[in-house]
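K.L.:
Could you work out the structure for the sequence below:
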Amino acid sequence: MEEYRKVLTNWYNHSKRELPWRGSEDPYQIWVSEVILQQTRISQGTEYYHNFLKSFPDIKSLAMAPEEDVLKVWQGLGYYSRARNMHHAAKTVLSDHKGTFPKDYLSIRKLKGIGDYTAAAISSIAFGLPYAVVDGNVYRVLSRLFGIYTPIDSSAGKKEFYELAQMLLDVTQPGEFNQALMEFGAIQCLPTQPLCDSCPLSLKCHAFTHQNISDFPVKSKLKKQKERFLNYLYLHNGKNLFLKKREEKDIWRNMFQFPLIETTSRTTPEEFFESSDWKDLFKNHSITIESIFPERVHLLTHQRLYIRFYSVKLEENGSPEHLIRIEMDEISKYPVPKPIELFLLENGH
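P.N.:
Presented below is the predicted three-dimensional model:
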């Protein structure tokens, strides 16, 4: 294992990217960077990292902020439970740890939204604790390097890869080594077209020597995407917009959206206007249907959303129940889901 450690550490020192959070030992900054980079490209995440720290420079400012402010700064990143969990965890640090980020693995791991990977990253990088990280990059590197066919999405696989990563870990500099292994997977041992010709470990790599790189890592489960049909009503009276807060346990919880009618299948506009939900919403109001926009598709990890927007003008003094009336130019103050953000940008807001 020692030879692998030396090669990876040497490669990292010569090849690592310069990133704004790299080199920091501040657990708060490391935590923010790790959470933002989950399911997010570096190029996109860097801007959000800077904006997040500008808005919430320390854990106390995050804990004291209203959730709507946190979601607004997070808007566009997706996976909004990450932001809500961070907000909750910051409040816990403030109340249970006197505002100081905990310095031991178990206390870090107990914070809401922090799993094994994030706890290991913070523990090793900020505090030099010997905990190995295992993320998608690490699964890929280790499975190819050692020829591991155990599915990474199985209990046995997770246990096997963690034990191997822990054996490989350089306990004298765990933070640097963890970053080296993850960086190696991010820019050298790529998912497709890995840079094997320049890889310092190619001759020791099972997948390279057996010419079956594409076989790794192995996965056993194929998750089927759920299809949903969302009809958003850009409802206004010329001066005001009408919004509704998503409070149910679903995607985009606690964000604001246009009035929504979700159908169980794709409907034509004519069928939609005959639906009971449409008629119930406007039964006591005079409206004008201004525009019907083409259907668009928005992809989430396990959901495929078919979205259609309808521009609907309401009578001057109308105000359907359970909706929030705002001034047109106030919409930028509200955290909204990505499809609505794009719709607003496309239509001059």
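
K.L.:
OK, contacts around Ile187?
P.N.:
By Cβ atoms under 8 Å, 6 or more residues apart in numbering, the residues touching Ile187 are 15, 17. Heads up, the C-betas are built off the backbone N, CA and C, glycines and all.

K.L.:
Distance check, it against Ala207.
P.N.:
17 Å (Cβ to Cβ, to the nearest Å).

K.L.:
Pro312 against Tyr234, yeah?
P.N.:
Not quite, residue 312 is Val, not Pro. Yes - assessed by Cβ atoms under 8 Å, Val312 is found in contact with Tyr234 at 6.7 Å.

K.L.:
The helix or strand containing Thr9 - contacts with which helices or strands?
P.N.:
Here Thr9 sits within helix 2-15, counting by DSSP states H and E. Packing partners of helix 2-15 (3 or more Cβ pairs under 8 Å, 6 or more residues apart in numbering; DSSP states H and E): helix 174-187.

K.L.:
next one: stretch 311-329 to chain centre, how far?
P.N.:
Chain-centre distance of stretch 311-329: 32 Å, with Cα atoms, centre = their mean, to the nearest Å.

K.L.:
Quick one: mean pLDDT over it.
P.N.:
For stretch 311-329, the mean pLDDT works out to 86.

K.L.:
all numbers from here: first residue = 13
P.N.:
Right, with 13 as the first residue, what we last looked at is stretch 323-341.

K.L.:
mind saving the C-alpha coords of stretch 113-130 as PDB?
P.N.:
Extracted in PDB, the C-alpha atoms of stretch 113-130 (Å, rounded to 0.1, in the frame of the first residue of the first chain):
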ATOM      1  CA  PHE A 113     -17.700  23.400  14.800                       C
ATOM      2  CA  PRO A 114     -17.200  20.000  16.600                       C
ATOM      3  CA  LYS A 115     -13.700  18.500  16.300                       C
ATOM      4  CA  ASP A 116     -14.400  14.800  16.600                       C
ATOM      5  CA  TYR A 117     -15.700  12.500  13.900                       C
ATOM      6  CA  LEU A 118     -18.800  11.200  15.800                       C
ATOM      7  CA  SER A 119     -20.000  14.700  16.700                       C
ATOM      8  CA  ILE A 120     -19.600  15.800  13.100                       C
ATOM      9  CA  ARG A 121     -21.300  12.700  11.800                       C
ATOM     10  CA  LYS A 122     -24.400  13.400  14.000                       C
ATOM     11  CA  LEU A 123     -25.100  16.800  12.400                       C
ATOM     12  CA  LYS A 124     -28.100  16.700  10.100                       C
ATOM     13  CA  GLY A 125     -27.200  16.000   6.500                       C
ATOM     14  CA  ILE A 126     -23.600  14.900   7.200                       C
ATOM     15  CA  GLY A 127     -23.000  11.300   6.200                       C
ATOM     16  CA  ASP A 128     -19.900   9.200   6.400                       C
ATOM     17  CA  TYR A 129     -18.200  10.800   3.400                       C
ATOM     18  CA  THR A 130     -18.600  14.400   4.500                       C
END
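
K.L.:
I'd like to check what contacts that stretch. Which residues are they?
P.N.:
Stretch 113-130 is contacted from outside by 39-40, 43, 46-47, 71, 93-94, 96-98, 100-101, 104-105, 109, 131-132, 134-135, 138-139, 141, 143, 145-147, 174, using Cβ under 8 Å, 6+ apart.
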